[in-house]
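K.L.:
Quick one, fold the following:
(one chain, ligands or ions: 1)
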Amino acid sequence: MSDKFDAIVIGAGAMGSAAAYHLSQRLGRSVLILEQHEVGHALGSSHGPSRIFRMTYAHPAYVQLAQEALGAWEDLERACGEMLFLRTGDLFFGPEDGPLANYKMLSRGPAARLPG
Ligand SMILES: Cc1cc2nc3c(=O)[nH]c(=O)nc-3n(C[C@H](O)[C@H](O)[C@H](O)COP(=O)(O)OP(=O)(O)OC[C@H]3O[C@@H](n4cnc5c(N)ncnc54)[C@H](O)[C@@H]3O)c2cc1C
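P.N.:
This is a model prediction of the structure:
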């Protein structure tokens, strides 16, 4: 193994793993990732059986980021040849004149399929 790398990423949670993966796959960089625990450990924020993935944000830039992130997860699933997360529906509750009134306006893509 080389002792010289283009980049060193500290922490192999979701963020560090994604950074290392894209540095390597997209930019062709040699990357060393340093993790204090074993890979896939249960001590970080990335561990857990469920996460909310939503397209509803007050600022369109976040909606765009979420859409791109969803595409990146789908790319990763194709590259791995396995399903990495199971998509389920969701329900948002709130007063008619509250922030959720803007839900459809703020939502793009899959989240815009809400009835009504
Ligand atoms: C209970 C919970 C529920 C959440 N729910 C949601 C949700 O529904 N939707 C959503 O989008 N987000 C959710 N989040 C947030 C999301 O999970 C985190 O933002 C994301 O996992 C953070 O990833 P990370 O790689 O930054 O951190 P981590 O997964 O914590 O990874 C950091 C890694 O760095 C390692 N590390 C730290 N210091 C060192 C060091 N000095 N040397 C070597 N290694 C080191 C750690 O061991 C760890 O593996 C939730 C978080 C929690 C805790």
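K.L.:
now the helices for the protein?
P.N.:
For the chain, the helices defined by DSSP state H occupy 14-25, 60-80, 103-106.
K.L.:
Least confident of the ones you listed, on average?
P.N.:
Note on those: helix 103-106 shows the lowest mean pLDDT, a mean of 61.
K.L.:
Quick check: closest non-adjacent residue to the residue nearest to the spatial centre of the chain.
P.N.:
Central residue of the chain (CA atoms, centre = their mean): Ala69, 5.0 Å from the mean position. Spatial nearest neighbour of Ala69, excluding adjacent residues (CB to CB, 6 or more residues apart in numbering): Phe53 at 7.9 Å. For the C-beta atoms, the positions are set from N, CA and C on the backbone; glycine is no exception.
K.L.:
Can you name the residues that contact that neighbour?
P.N.:
Counting by CB atoms under 8 Å, 6 or more residues apart in numbering, Phe53 touches Ala66, Ala69, Leu70, Phe85, Arg87.
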